[in-house]
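> I'd like to go over a predicted model; first the sequence, then the structure.
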Amino acid sequence: MERGRGGAGHGRSGLEDTAWVVEHLGGVATTGREPRLVFGADGRLSGSTGVNRVLGQYEVEDGVIHLDALGSTRMAGPPESMEQERVLLAVLASQVPFVLDGDRLVLVPGTDSAPAGAELRRADETRAV
């Protein structure tokens, strides 16, 4: 399995040490504070749903992101932001097929646990969120 951290597989997936802004969830444009995801070179995922912080671990194998130990803070926000968060967390449920095309990242929908997909654009920097 190609891990999202250093070693023989480092850099092959193209996700390591990158940051992304979530632009669409389930075909709907995001609103309010932009959700962001950062794929660390060490296999850590961090980011924000727009309301709460998200942390976890990731690995990449055969065009699929495998997420583990995903957690988030539990602050409340406006109803539309909380719905956006619910959809994003469903997309990140555990195994997410993806397509990486330059500055675009598509998290492909289609499983029972993640019926919606997401479209992201590369962020200018990989700072922690």
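Received, thanks. Residues are numbered from 1 along each chain as shown.

> Give me the below-cutoff pLDDT ranges for the protein.
Counting by pLDDT under 70, the chain has low-confidence residues at 1-12, 111-115, 125-129.

> Count the residues that sit near Ser13.
The number of residues packed around Ser13, counting by other CB atoms under 10 Å, is 22. Heads up, the C-betas are built off the backbone N, CA and C, glycines and all.

> Then the one 5 residues further on?
When neighbours are defined as other CB under 10 Å, Thr18 has 19 of them.

> Which strand residues bridge the spatially closest residue to it that is not a sequence neighbour?
If the residues on either side of it in the chain are set aside, Thr18 comes closest to Phe39, at 5.3 Å by CB to CB, 6 or more residues apart in numbering. Bridge pairing for Phe39 (DSSP bridges) gives the partners Thr18, Leu45.

> wouldn't Phe39 be in contact with Val54 here?
No: contact between Phe39 and Val54 fails when scored by CB atoms under 8 Å: they sit 11.9 Å apart.

> shared neighbours of those two, anything?
Leu45 (CB atoms under 8 Å, 6 or more residues apart in numbering).

> Give the full set of residues in contact with the residue nearest to Thr18.
By CB under 8 Å, 6+ apart, the contact list for Phe39 reads 4, 15-20, 45, 58.

> which of those residues are buried?
Among those, the ones that count as buried by 16 or more other CB atoms under 10 Å are 4, 15-16, 18-20, 45, 58.

> List the beta-bridge partners for Val28.
Going by DSSP bridges, Val28 is paired in beta bridges with Leu25.

> so how far is Pro78 from it?
Per CB to CB, to the nearest Å, Val28 is found 15 Å from Pro78.

> how about the strands in the protein?
If you assign secondary structure with DSSP state E, the strands in the chain sit at 2-3, 18-25, 28-29, 36-39, 44-48, 53-61, 64-72, 95-101, 104-107, 118-122.
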